[in-house]
Structures are given as structure tokens and as C-alpha cells.
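Participant: How does the following fold in three dimensions:
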Amino acid sequence: MLTKNLAITFHGIGEPVVHLSEGEGRYFVSADIYRRTIAVLDKMEKQSGCRVVVTFDDGNLSDFKVGFPALLDAGRTGEFFLLAGRIGQQGYLSGEQIREMAAVGMKIGSHGWNHVNWTKLDEAGRQREFYDARRRIEDEAGVPVKTAAIPFGAFDPLVLSSLKAAGYSQVSTSTSGMGYQNAWFRPRWSVQETFSPERDLPPRMSFGQILRGTAYAQLRRLRYRI
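Facilitator: Residues are numbered from 1 along each chain as shown. Just a heads-up that it's a prediction; the model follows:
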């Protein structure tokens, strides 16, 4: 069975309205680039036989103002991974906005409480990031939270085993490449400011990438026992 699912990640759309750490700005794309991406997905999926999943990390306000409406217009759903500690803060999603998106089928996941490296957590940190954050997001969204996205894509065997023990049904990383639709470990591709959907998506959905994704999926199972 071949991997035919490409998950792409947006971290912010348009001009940032919150303070960004060094280097973070390159992950913000223009509203035009984002809308062009959504507009071409159906055509590219039909041409390649692949499925594209649109995801968002961090819970920036642009997810609701730009990301969400374009998905609705295109008849698509998206997955929004939120930082529990930033809900309701200036420049981030409010509980009301999260509930509105969840009510029409958008998927809500956890990105943790703070944007921290999960490989550096002690037991108390894992409790806060894996359990407390999920409860806070569930309270705000009004729906169960079953998926998580790892900040910075930083993970090790302990992070993965802890997330599995916490009951998450799928974990997303920043490991680029194709994956299986319902795999517990899901690679994702983070788009950057220079991204062009017309230029950059077709190579990512090529048969060569499908074969590579299939091989890496098998290697991950052996390495991490997932």
C-alpha cells in the first residue's frame, strides 16, 4: 500500500500581528498565496491521485479571518492545532471563534500549552503539555481533542510513547513527506513565504515522493515501534 496523503502546514497568513521569535516570520505567507493554494488543490489531487490535508499551527487569528473562510468557500475542511496558553490572547483565536469552526466540521487539535520543545520536558511539563492543554482546548472548542502536533517537529522515543500513552489518535510532525491517511505518525510539510502552489506542490505529489514516503513510513515503524 502506497502513501498518498500530503499534509501541508500554515503557521500564519498575511502580516503578523503578534511578536515573532527570530526566524519565525518566514513561515507567514501572504493571503494571496494561501488562497491560490486552496484554489488549486482539487485539480492537483485529481491529477496526482493524492489527497492534500490543510493544517494550521499555533492558533493565530489569521486562521479564522483568512484560513477558515477560504476552506468554507472551497468546500474543504482543515485541521487547527492550538496552543492552549494563547487562546483568547491578542492576535490569537478566541474560544468563540474556535467553537464556530468546530461546529462546521473543522478539526481541532493540540499544539501543547506553550510553544516549547517537548524533548526537554520533565514529568510535570508532559502533564501540562499533553494533558492539561488538551482539556483546556476541549473546554474552549466544545469537542473532543484527539490529535496533536509537535512544536518545532522535535521528538524522540519518549515524546512519542508519552503521546501514545496519553491517548492521542494521531500525532503530526514537521517531518516532510507523504504519509498514510490514518497513520498514527503523520509527516507534514511547512510552507514558507516563498512558497508557490503552482510550482511547489506538483513535485511534492510526484510518484517518486509517493515511493519515498512509503519507504520512510516503514522505517519509522521499525525505529520508533509505532
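Participant: Over to residue 16: give its phi and psi.
Facilitator: phi -60, psi 140 (degrees, to the nearest 10).
Participant: which SS class is the spatially most central residue of the chain?
Facilitator: A centroid search over the chain (CA atoms, centre = their mean) returns residue 55, at 3.9 Å, as the residue closest to the centre. Look at residue 55: counting by DSSP: H, G, I helix; E, B strand; the rest coil, its state is strand.
Participant: What's the local residue count around the closest residue to it other than its chain neighbours?
Facilitator: Ranked by CB to CB, 6 or more residues apart in numbering and with sequence neighbours excluded, the top spatial neighbour of residue 55 is residue 79, at 4.4 Å. For the C-beta atoms, the positions are set from N, CA and C on the backbone; glycine is no exception. Neighbourhood size, residue 79 [other CB atoms under 10 Å]: 21.
Participant: Residue 145 is in contact with residue 79, correct?
Facilitator: No - using CB atoms under 8 Å, residue 79 is not in contact with residue 145, being 11.1 Å away.
Participant: overlap in contacts of the two?
Facilitator: Counting by CB atoms under 8 Å, 6 or more residues apart in numbering, the common neighbours of residue 79 and residue 145 are 108, 109.
Participant: Quick check: the gap between the closest residue to residue 27 other than its chain neighbours and residue 124.
Facilitator: The shortest distance from residue 27 to any non-neighbouring residue, by CB to CB, 6+ apart, is to residue 11 (3.9 Å). Between residue 11 and residue 124 the computed distance is 27 Å (CB to CB, to the nearest Å).
Participant: same deal with residue 65?
Facilitator: 35 Å.
Participant: Then residue 185?
Facilitator: The value you get for residue 185 to residue 124, if CB to CB is used, is 25 Å.
Participant: Between those two, tell me which one has more neighbours.
Facilitator: Neighbour count, other CB under 10 Å: between residue 185 and residue 124, residue 185 has more, with 20 against 8.
Participant: ok, now which ones touch the more buried one?
Facilitator: Counting by CB under 8 Å, 6+ apart, residue 185 has contacts 160, 170, 171, 173, 179, 220, 224, 226.
Participant: what comes into contact with stretch 23-32?
Facilitator: 10-16, 20, 66, 190-193, 195.
Participant: in the host helix or strand of residue 220, what counts as buried?
Facilitator: Using DSSP states H and E, residue 220 sits within helix 207-224. Using 16 or more other CB atoms under 10 Å as the test for burial, helix 207-224 gives 209, 210, 213, 214, 216, 217, 220, 224.
Participant: Just give me how far it sits from the chain centre.
Facilitator: Centroid displacement of helix 207-224 relative to its chain, using CA atoms, centre = their mean, to the nearest Å, is 19 Å.
Participant: Same question for stretch 175-188.
Facilitator: 11 Å.
Participant: Endpoints of that stretch, how far apart?
Facilitator: End-to-end span of stretch 175-188 (CA to CA, to the nearest Å): 6 Å.
Participant: ditto for stretch 167-178
Facilitator: For stretch 167-178, the end-to-end distance is 24 Å (CA to CA).
Participant: average pLDDT for that stretch?
Facilitator: Here stretch 167-178 scores 95 as its mean pLDDT.
Participant: do stretch 76-91 as well
Facilitator: 98.
Participant: can I assume the residue nearest to residue 27 is in contact with residue 59?
Facilitator: No - look at residue 11 against residue 59 with CB under 8 Å: they stay out of range, at 10.2 Å.
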